[in-house]
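Below is the sequence, then the predicted model.
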Amino acid sequence: MGISEVLWQYLVKWLTNSALFPREASTIAPYMDALYFFLIGITIVGLLLVLLLIVGFSLRYRKALHPVAEQIEGSTLLEATWTIIPLGIFLVTFVWGALLYFRIYTPPVNSMNIYIVGKQWMWKAEHPGGQHEINELHVPVGRPIQLTMISQDVFHSYSLPEFRVKREVIPGRYTTVWFQATTPGTYHLFCTQYCGTDHSKMVGEVTAMLPEDYKKWTELSTSGMSLAQNGERIFASMGCNACHTGNASNRAPSLAGLYGSKVQMANGSIQLADGAYIRDVILNPSQHVPAGYAPIMPTYKGQISEDGLIALVEYLKQLNTNYRIQQTQTTSVSDQAAPTTPGMVKP
Amino acid sequence: MSASSTTILNLPDQTTAAVPKRNYISAEHGLLSWLLTGDHKRIAMLYLISITFFFFIGGAFAGLIRLELLTPQPDLVASDTYNKFFTMHGVIMVFLFLVPSVPATLGNFLIPIMLGARDLAFPKINLLSWYLYLAGGTLTLAALVLGGVDTGWTFTTPLSTHYLNTHVVTTASAIFVAGFSSIFTGLNFIVTIHRMRCPGMTWFRMPLFVWSHYAASILMVLGTPVLAISLTLVGLERLIGIGVFDPNKGGDPLLFQHLFWFYSHPAVYIMILPGMGVISEVVSTFSRKRVFGYTAVAFSSVAIALFGFFVWEHHMFIMGVSNYSALVFSLLTMLVAVPSAIKIFNWAFTLQKGSITFETPMLYAFGFMGLFTIGGLTGVFLAALGMDIQLTETYFIVAHFHFVMVGGMLMAFLSGVHFWWPKMTGRMYPESLSKLAAVVTFIGFNLTFMPQFIVGYLGMPRRYHAYPPEYQVLNVLSTAGATVLGVGYMLPILYLAWSLKYGAIAGNNPWQATGLEWQIQSPPLTENFTEIPVMDHEAYDYEWLEHKTQNEVTTVG
Amino acid sequence: MDNSIATTEPLMPRETAVHEEHEHVFIPQHRHHFETEEQQREAGSFGMWLFLLTEIMFFGGLFFAYLLYRNWYYDAFVPASNQLSVPLGGANTAILITSGFFMALGVWAAEVRKRALLVLFLILTTVFGLAFLGIKYVEYHEKWEKHHIPGASFDISEFVNPPKDAAGKPTQHALPPDVAEKTQIFFFLYFAMTGMHALHMIIGIGLLVWLIARAQRGDFSSGYVAPIENFGLYWHFVDIVWLFLFPLLYLINRHPLQ
């Protein structure tokens, strides 16, 4: 860090205990705080410099001591000095800040993904294992956690000050942020983008737990299907399996192994099939026609909620074969199968 | 009273002095002569009264906000009401106070005189500006009386377009109309500065006050129309449902953010640049010295205006914009900070080898320099991408912009009002009382807003009605400061009003300042000059002034 | 020397006044805060150019939105744009250019002090401006009938199930519903941009009426041409905006030979 570890920890502990400084609860927090202290240092130095000049000159050249002013035009050297030095300091700040930003907004590949859906005025957290939380988030320490977030209505913002992360949660597309908790405990969750009447009530608690405690928690909180299982259910009930059969027909492409791959589009471009892509294909299919296929996929806008879309993304994430889809095909063509009219069931 | 070793104030002999009989105030009588005037000085005074009125309404809302935030619970008013408080506070303070404050009062009054002209280029449009301002203000009051609006002054979509039932369109229309007031003022200034300088008044002989207003006017003229179209689109989206910002119809709410901040970032430079112009004049006068690095300060003003147009995305760093675009805007924001730093140092070095006195305008100017330094440097915190993640949308931002706007701009406004009060009214304000008010304001300000930096880093979000109990101590400090600040702002109203009748007669040039406005009577004639002057010396030429004073024959009127 | 300078200056009496300290002969419309008439004229012209700059910024926001959405939803913009009538739009373009031509002639007539011609040209400018608005009304009305005005009544069925011609072939490519929905964005831009333009034309026509009345009185045929010149600038600007709007809105991917 530049200054000794012991000194740093003492400083942070003193500040945190005096309720003037937030706890450092994530791996990125010390980096954020280091930049913060650097900037405070610059501010203090800059302020002292300016004060020194003002107070110093005012006293030394006050009228009683210096009744006649000397007319001075300026000094190119001084102008250059106080242009270049501040510019240099600001550029250093720019680089440091940029590095930190890219770090916070580039999740590591092995992150555990949790979905956050924000709506007026509460936070829904959906773990891949199917655990659902409202205004709470349980995470294990020591693992990178990626939050994939979307809003059902207006702009919100997911803020975890003690982890030093925050990201806007907007309608229409996913935003992501990641963190790795270091210390077990409970921490603040705030919505920081004004979103209407109960904006200040859209708060909650993040609980970081030791890995074994987190495992116990997931077992206790699992009361239903995992996200992927729910996604599979929606896939069948919305009739997706009618076209995406996985057979070598040319109505709709096979979705096994789609997630994470690069798809050749009919218009020649290549798109990465990530979560945002999958969500948008379901809502605006004609914008993402793959090469060799016709734009016949209907839109499901208004028929699947954001939670449902998340479940479908999770489902496709782990879809490696079309075996189970073809199983549902067989079942659904039998007389005893329930009709699968799109729009009948809203997950 | 003549100059002493602690003041440069030089008033005429009070036993024989009188306000000149013929001046712009006494020239015509009756309400209509004021309401239909083309005289830039009368329009300036009309603006002064109106913006003071709106300042106190906006300030009242601030008081209510701080009152609610004394306790962590949302116990004073309902949440919807609280949301209306901070929205109205923001809308009124930004659009009805800060944007017009220095340009429409001091700028209107002084720019023609400083340039040696008889009036602005378009006096009727100047009057129209004031009426547009009043119309905007009336619409805002209407929105208030009808029940208020709670979008926040930033009108974020889709909240403002689809999720609120309050008087959004009324308020948006109010700001639209007030925006045109601003555009016409800026247009007037630009044409006046280009075309109506008196003989000998080259660009680099103009006072720096004029340069600042020129830069601010460019921003007003080019930026405000984009605000107008943004608000129009919000209105259309609300009234008709066109879908421009609605993701369900294929629109993009982030488009609104780009359009809105394209104006609203330059807006902050519209607010601060005229204040910086005031500081140049005041620091020069009370140091008896030409501003250090005149050319650098002049070009810095224009540089701030230019760069100011290219940084708007820094209000959107966490909104899911491309990381690479964020890089570009962060870099540009660092660049725009540099000219402001240049100015601070130039003003500080104006003090060197000067002859300094500490009258009230100078006290406010010192306050400006210190507080603007803090405010500006905390802006650098926010320009640093990674830092912004922690700080954005918290009370750190609130503290930052109040430092630059209130600690900076408002102090500059008060500095200018005090500095030019004798010129505009012919009367001096009471010095001891004004010094007291300046100190009280300074103390109150720091107590109000310093704690907000801390509570912001702790994580307290802005626009919050309730907050976790551990933030209470800092909030109580802040509210206590706000009370002191309120007292500090009430005092000038009282003693300035008092001075209109009982203040000392000021004479032409109580501060012994350079500048064409100080060479004419106080208050000035309607036509400003009996003869159009010829400018044969540089700006801030104290040697010329001394020479002139020694050879002067006092004339009447 | 004239010391009795009045404070707020009304127009001076109709006879030309001569000030001893200048050699200039002042026109009756001279404003006393200007030192010379030339300064007044230059200030007025400069002011109008600045105002037009603000108008560019105002329209600029809409052009930016157009850029964005055309890029995103090109497939919807093409059929939506093809709904507009090129003959009508083209006619309007020709009408507006003609109107601008007459305005330019009007400025000339004012400069050479021909009162009757000036009035004639201003009237022609107005007539062609009104013709433009008339055609615009026809176009808007057609959109109203077809439910192509954005908002609650917007109907995409024509894009999803295009009408068939005599031979039973669809007259245009059928769009999937999710693409067809985006045509509403095109139409919002169409109405917002042409509507804003039409509003500026209406204001311009109002000003023209006033100018015609004053021109008839002879205000502009004795050397004082600034209002005509400055209005001319405004009118030409409105014309130029249309010259951008027409291709951007009407001519997306038109293939005349298909």
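Thanks, I have it.

By residue count, which helix of chain A is the longest?
helix A:29-60 (DSSP state H).

Which residues belonging to it are considered buried?
Across helix A:29-60, burial judged by 16 or more other Cβ atoms under 10 Å in any protein chain shown covers A:29-39, A:42-43, A:46, A:50, A:53-54, A:57-58. In this view, the C-beta of every residue, glycine as well, is placed from N, C-alpha and C.

So for that helix, mean pLDDT?
If you average the pLDDT over helix A:29-60, you get 96.

And that helix, what does it pack against?
The helices and strands touching helix A:29-60, judged by 3 or more Cβ pairs under 8 Å, 6 or more residues apart in numbering or on different chains; DSSP states H and E, are helix A:5-17, helix A:76-104, helix B:323-350, helix B:360-383, helix B:385-391.

go again using 7 Å as the cut-off
With contacts taken as 3 or more Cβ pairs under 7 Å, 6 or more residues apart in numbering or on different chains; DSSP states H and E, helix A:29-60 sits against helix A:76-104, helix B:323-350, helix B:360-383, helix B:385-391.

helices or strands up against the one helix or strand residue B:127 maps to?
Taking DSSP states H and E as the criterion, residue B:127 maps to helix B:123-146. Judged by 3+ Cβ pairs under 7 Å, 6+ apart, helix B:123-146 is in contact with helix B:40-68, helix B:168-195.

Pick the most deeply packed of those helices.
helix B:168-195 (a mean of 24; mean count of other Cβ atoms under 10 Å in any protein chain shown).

That one near chain C at all?
Yes - Helix B:168-195 is in contact with chain C by Cβ under 7 Å from any Cβ of the partner chain, via B:183, B:187, B:190-191, B:194-195.

Pull out the buried residues from the helix or strand just after that helix.
Downstream of helix B:168-195, the next assigned helix or strand under DSSP H and E is helix B:208-239. Residues of helix B:208-239 classed as buried: B:208-238 (neighbour count, 16+ other Cβ under 10 Å).

So what's the residue count around the residue of the stretch 51-200 of chain B found nearest chain C?
Residue nearest to chain C within the stretch 51-200 of chain B (Cβ to the nearest Cβ): residue B:119, separated by 3.6 Å. Residue B:119 has 28 neighbouring residues, counting by other Cβ atoms under 10 Å in any protein chain shown.

How about the secondary structure of it?
coil (DSSP: H, G, I helix; E, B strand; the rest coil).

same for the helix or strand that the helix holding residue B:127 is followed by, what does it pack against?
Next helix or strand after helix B:123-146 toward the C-terminus (DSSP H and E): helix B:159-162. With contacts taken as 3+ Cβ pairs under 7 Å, 6+ apart, helix B:159-162 sits against helix B:208-239.

does chain C sit close to the helix it packs on?
Yes - counting by Cβ under 7 Å from any Cβ, chain C has neighbours in helix B:208-239: B:221-222, B:225-226, B:228-230, B:236.

quick one on the thing from earlier: save the helices and strands packed on helix B:123-146 as a markdown table, and put in mean pLDDT too.
Shown next, in a markdown table, are the helices and strands packed on helix B:123-146 (pLDDT from 0 to 100):
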| stretch | mean pLDDT |
| --- | --- |
| helix B:40-68 | 97 |
| helix B:168-195 | 96 |
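
Could I get the ones you listed in TSV, plus columns for distance to residue B:341?
Putting those into TSV (distance: least, Cβ to Cβ, whole Å) gives the following:
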stretch	distance to residue B:341
helix B:40-68	29
helix B:168-195	26
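
Quick check: phi and psi at the closest residue to chain B within the stretch 151-300 of chain A.
Residue nearest to chain B within the stretch 151-300 of chain A: residue A:161 (2.6 Å; Cβ to the nearest Cβ). Note on residue A:161: its backbone torsions stand at phi -60, psi -40 [degrees, to the nearest 10].

ok, it touching residue B:459?
Yes - if you go by Cβ atoms under 7 Å, residue A:161 and residue B:459 touch, sitting 2.6 Å apart.

and for the two, which residues touch both?
Taking Cβ atoms under 7 Å, 6 or more residues apart in numbering or on different chains as the contact rule, residue A:161 and residue B:459 both touch A:22, A:188.

give the contact list for residue C:103.
Contacts of residue C:103 by Cβ under 7 Å, 6+ apart are C:125, C:232, C:235-236.

Try it again at 10 Å.
Going by Cβ atoms under 10 Å, 6 or more residues apart in numbering or on different chains, residue C:103 touches C:121-122, C:124-126, C:128-129, C:204, C:208, C:228, C:231-236, C:239.

Next: residue B:500.
Counting by Cβ under 10 Å, 6+ apart, the residues that residue B:500 touches are B:421, B:425-427, B:429.

Could you tell me the angle between the helix or strand it falls within and helix B:40-68?
Residue B:500 is part of helix B:472-502 when elements are defined by DSSP H and E. Angle of helix B:472-502 versus helix B:40-68, following axes from the mean of the first three to the mean of the last three Cα atoms, to 10 degrees, is 150 degrees.

And helix B:472-502, how far out from the chain middle?
Offset of helix B:472-502 from its chain centre (Cα atoms, centre = their mean, to the nearest Å): 18 Å.

Also stretch A:271-290?
Distance of stretch A:271-290 from the chain centroid (Cα atoms, centre = their mean) equals 20 Å.

go on, stretch B:500-509?
26 Å.

buried ones in that stretch?
For stretch B:500-509, the neighbour count (16+ other Cβ under 10 Å) marks B:503-509 as buried.

Out of those, which comes closest to residue B:288?
Of all the buried residues of stretch B:500-509, residue B:509 has the smallest distance to residue B:288: 13.1 Å, by Cβ to Cβ.

Pretty sure that closest one sits against residue B:522.
Yes - with contact defined as Cβ atoms under 10 Å, residue B:509 counts as touching residue B:522 (8.1 Å).

what do the two both touch?
B:422-423.

burial count for the spatially closest residue to residue B:98 that is not a sequence neighbour?
Counting by Cβ to Cβ, 6 or more residues apart in numbering or on different chains, the nearest residue to residue B:98 once its immediate chain neighbours are dropped is residue B:271, at 4.4 Å. Counted with other Cβ under 10 Å, residues neighbouring residue B:271 total 28.

can you check residue B:470 too?
Burial measure for residue B:470: 13 neighbouring residues, criterion other Cβ under 10 Å.
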